[in-house]
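# Kindly generate the corresponding structure for this input.
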Amino acid sequence: MEKLPKLVVIVGPTASAKTDLAIALAKKYNGEIVSADSRQIYRELSIGTAKPAGEWVEDKYLVAGVPYHLVDCVDPTTSYTLADFKRDALAAIQDIICRGKVPFLVGGTGLYIAAIVDNLDIPDVPPDADLRQSFEKLSLTELQKLIKERDPVTAAVIDRQNPRRLIRALEVATLSGESFRAQQTKSPALFQTLQIGLAWPKDILEARIEKRLKIQIEQGFVEEVQALWKKYGSAVVPSLTSIGYQPFVSYLSGEMNLPETLRLVWYQTRQYAKRQMTWFKRDSRIHWIAGADQSTADDLVKFFLA
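Residues are numbered from 1 along each chain as shown. Coordinates of the predicted model:
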């Protein structure tokens, strides 16, 4: 039986130090990182997405000298689907392996991780601009109600706080006439994987989120949203539906004051972290370690690659 190539996967909630761990391990084990973050993929969204600080050298994005794929490479007005991610991530991973290096898939977008680890078959339904625009006019509550009516199977498992996910699921169900979830079947695994999850006590993780938000504000988060809003107008573009960005659009529109906006961003980020952990905790294959415990992660990777 042919041995599958090896893939190291690092997951966890937002602000759990996934990038720091990935960089340390990639440096030690001759690796390169493939991002599994549905927002860091976009150009011009840096501060609010906590995009790892790096630099473009020729056609490579380097973070502390380590190549970091699938960040800062998609226009913020572009609709980037799960199928797009799977295609691009597989190409990057296979290229890394062909060059004799170790691929590290790192991120907190659970569906992106599952697409690679479980080799999900993604519905081949191209986006429909007119249909999508009609869904984008609906409120989050209206989208939640519609997905429950049209696709109850998907409604039971989808992140119902994520309008972009709801719109895509509705789009696929409407155009194909079949449940979005039912079309996400699995094919045989492409990789032998080691999944490492970073866990923090709830109070410490919340403190980390709060501290990061304060730093983001100091770095110019509000100004970043303002520049995007000024450049692209009030149109609903994929990038501006991100956690944190939408409340600031409301603030810049005069619908909320700054203290209200900060409280909402803080609340949304906490809730997002909670949903991430709920998703990942369902996977018994993940080896959970204390967030600051790099030595255990190092031992796991060393044993896996031996």
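# would you list every one of the strands in the protein?
6-11, 31-35, 55-57, 60-63, 66-69, 102-106, 120-121, 185-186, 192-199, 286-290 (DSSP state E).
# Give me the most central residue, the chain.
D37 (2.6 Å; CA atoms, centre = their mean).
# related to what we said a few turns ago, present the strands of the chain as JSON lines; the columns should include mean neighbour count.
In this view, the C-beta of every residue, glycine as well, is placed from N, C-alpha and C. Formatted as JSON lines, the strands of the chain follow (neighbours: other CB atoms under 10 Å):
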{"stretch": "strand 6-11", "mean neighbour count": "24"}
{"stretch": "strand 31-35", "mean neighbour count": "26"}
{"stretch": "strand 55-57", "mean neighbour count": "10"}
{"stretch": "strand 60-63", "mean neighbour count": "17"}
{"stretch": "strand 66-69", "mean neighbour count": "22"}
{"stretch": "strand 102-106", "mean neighbour count": "25"}
{"stretch": "strand 120-121", "mean neighbour count": "16"}
{"stretch": "strand 185-186", "mean neighbour count": "12"}
{"stretch": "strand 192-199", "mean neighbour count": "20"}
{"stretch": "strand 286-290", "mean neighbour count": "16"}
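# Determine which of the ones you listed approaches F303 most closely.
Proximity to F303 (CB to CB) singles out strand 192-199 among the strands of the chain, at 8.7 Å.
# Give me the average confidence score over the closest one.
Strand 192-199 shows an average pLDDT of 98 in the prediction.
# For it, which helices and strands make contact with it?
The contact analysis (3 or more CB pairs under 8 Å, 6 or more residues apart in numbering; DSSP states H and E) places strand 192-199 against strand 6-11, helix 18-28, strand 286-290, helix 294-305.
# Dump the C-alpha coordinates for that strand into PDB.
This file holds the C-alpha atoms of strand 192-199, laid out as PDB (Å, rounded to 0.1, in the frame of the first residue of the first chain):
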ATOM      1  CA  GLN A 192      -1.300  11.300   6.400                       C
ATOM      2  CA  THR A 193      -2.000  14.100   8.800                       C
ATOM      3  CA  LEU A 194      -1.000  15.100  12.300                       C
ATOM      4  CA  GLN A 195      -3.500  17.600  13.800                       C
ATOM      5  CA  ILE A 196      -2.500  19.700  16.700                       C
ATOM      6  CA  GLY A 197      -5.000  22.000  18.500                       C
ATOM      7  CA  LEU A 198      -4.100  24.900  20.700                       C
ATOM      8  CA  ALA A 199      -6.300  25.200  23.800                       C
END
